[in-house]
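A.B. asks: quick check, what structure comes out for this input:
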Amino acid sequence: MDRLRRAAVKAVCTQVPKNELTNEQLAKEYDDWNAEKIFQKTGIAVRHIAASDECASDLGVGAAQKLFESGRCEKQDVDFLLLCTQSPDYFLPTTACIMQHRLGLRTSCGALDFNQGCSGYVYGLALAKGLIESGSARHVLLITAETYSKFIHPQDRSVRTLFGDGASATLIGGLDSDEELIGPIEFGTDGSGAEQLIVPAGGMRMPRSAQTAVEQTDTGGNVRCAQNLYMNGAEIFNFTIRTVPEAVKRLLMKAGMLMDEVDYFVFHQANRFMLDHLRKKLAIPEEKFCINMQGYGNTVSSTIPMALEIAHQRKEIRLGSRVMLVGFGVGFSWAAAMIKVVE
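C.D. replies: Model prediction:
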């Protein structure tokens, strides 16, 4: 087979806010919960929370600066900036354009936002792969940056205990190879689940008003208004358990691989209970399955790159490792991809 120019993940750096929210702090606010109960339900001990004046672009710029400081890439080498966020600085202009300027990237660099959430990192890899393998770009900077905490009502423990803020910067470049280094990729969408994980008010469909700011208390004692994040945890769980195993099977078929030929699995770090259930359902050995949320929480599109960075540091993945990435959640949307570790 001829060696072709293939897109490959070359480096990953991450950034989290300095402010922390611990289980002990949360337990002081919720009378019938203690720190250990929160940890047992979520697998999370600490979340990093953006300051009031700290936005997704600030975290994304911080992650990108770490990547440039590592010496893995020069700013002038970046041909395209992709930003995945559901918490942009503004409705317009696109936050990616703002970040291009702040980072000092060339004005001949392309830049765009895409709003995808939990499956966004895999979608971003697919977009970067297309740009590189079509010859449209040599180096793509994929940034994920989320500040979901700004959507969360402080008295809604159903989501406040789960989500943290964070960002990642991934360098995707081309290598001559006779095999795919990103791919194959499996996608899925079921928009019928859109209302199960949503911020109802604030966009054009339901602009903010005095009425959307009215707070209500649900049967679980959680307080929120239409301007806050709402998650139907039971429906999200059912969607995940129904969809992810099938997506994994289809990806393996596309790759022509068996489950035991995959060296490591990095799924979206939603919560520990869900991940444990998926791992057991798919019969994946614990040592090949990443659970990395104790110190971060669910950082939405940033969970997979955060887990990749730590797995690389711990040498759980090495040069030549075949890694399966699976993102799933808000939308409903899901995506799975095989990548090969090249550096």
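
A.B. asks: which stretches of the stretch 201-343 of the chain have low pLDDT?
C.D. replies: By pLDDT under 70, the stretch 201-343 of the chain has no low-scoring segment.

A.B. asks: that one: strands as residue ranges?
C.D. replies: Assigned by DSSP state E, counting those that start in this stretch, the strands in the stretch 201-343 of the chain fall at 216-217, 223-224, 230-231, 264-267, 322-329, 333-340.

A.B. asks: could you dump the ones you listed into a markdown table and include mean neighbour count and distance to residue 132?
C.D. replies: In short, each C-beta sits where N, CA and C put it, glycine included. Written out in a markdown table, the entries for the strands of the stretch 201-343 of the chain read as follows (neighbours: other C-beta atoms under 10 Å; distance: least, C-beta to C-beta, whole Å):
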| stretch | mean neighbour count | distance to residue 132 |
| --- | --- | --- |
| strand 216-217 | 10 | 48 |
| strand 223-224 | 18 | 42 |
| strand 230-231 | 20 | 35 |
| strand 264-267 | 24 | 21 |
| strand 322-329 | 24 | 17 |
| strand 333-340 | 24 | 14 |
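
A.B. asks: want to throw the ones you listed into CSV with distance to residue 118?
C.D. replies: Compiled in CSV, those are given as follows (distance: least, C-beta to C-beta, whole Å):
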stretch, distance to residue 118
strand 216-217, 26
strand 223-224, 20
strand 230-231, 11
strand 264-267, 10
strand 322-329, 3
strand 333-340, 7
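
A.B. asks: out of those strands, which comes closest to residue 153?
C.D. replies: strand 223-224 (4.3 Å; C-beta to C-beta).

A.B. asks: contacting residues around the closest one?
C.D. replies: Residues from elsewhere that reach strand 223-224, judged by C-beta atoms under 8 Å, 6 or more residues apart in numbering: 153, 155-156, 215-218, 230.

A.B. asks: quick one: which of those residues is nearest residue 175?
C.D. replies: Within the set of the contacts of strand 223-224, residue 230 lies nearest residue 175; the separation is 43.1 Å, counting by C-beta to C-beta.

A.B. asks: spit out the contact partners of that closest one.
C.D. replies: Here residue 230 is in contact with 159, 197-200, 224 (C-beta under 8 Å, 6+ apart).

A.B. asks: check residue 279 too.
C.D. replies: With C-beta under 8 Å, 6+ apart as the criterion, the residues that contact residue 279 are 265, 286, 289.

A.B. asks: how near is it to residue 57?
C.D. replies: As defined by C-beta to C-beta, to the nearest Å, residue 279 lies at a distance of 35 Å from residue 57.

A.B. asks: and this protein, what are its domains?
C.D. replies: If the domains of the chain are taken from automatic domain parsing, they occupy 4-177, 182-340, with pieces of a single domain joined by a plus sign.

A.B. asks: just the ones you listed: most buried one?
C.D. replies: With neighbours defined by mean count of other C-beta atoms under 10 Å, none of these is more surrounded on average than domain 4-177, at a mean of 20.

A.B. asks: what mean pLDDT does that domain get?
C.D. replies: Per-residue pLDDT over domain 4-177 has a mean of 96.

A.B. asks: span of that domain from start to end?
C.D. replies: Chord length of domain 4-177, first to last residue, is 6 Å (C-alpha to C-alpha, to the nearest Å).

A.B. asks: and for stretch 146-161?
C.D. replies: The distance separating the two terminal residues of stretch 146-161, taken as C-alpha to C-alpha, comes to 16 Å.

A.B. asks: number the residues from 38 up from this point.
C.D. replies: Okay, using 38 as the starting number, the last item reads as stretch 183-198.

A.B. asks: if I look at the residue most central in space within the chain, how far off is residue 95?
C.D. replies: Computing the C-alpha centroid of the chain and ranking residues by C-alpha atoms, centre = their mean puts residue 338 first, at 1.6 Å. Noted for residue 338: a distance of 16 Å to residue 95, by C-beta to C-beta.
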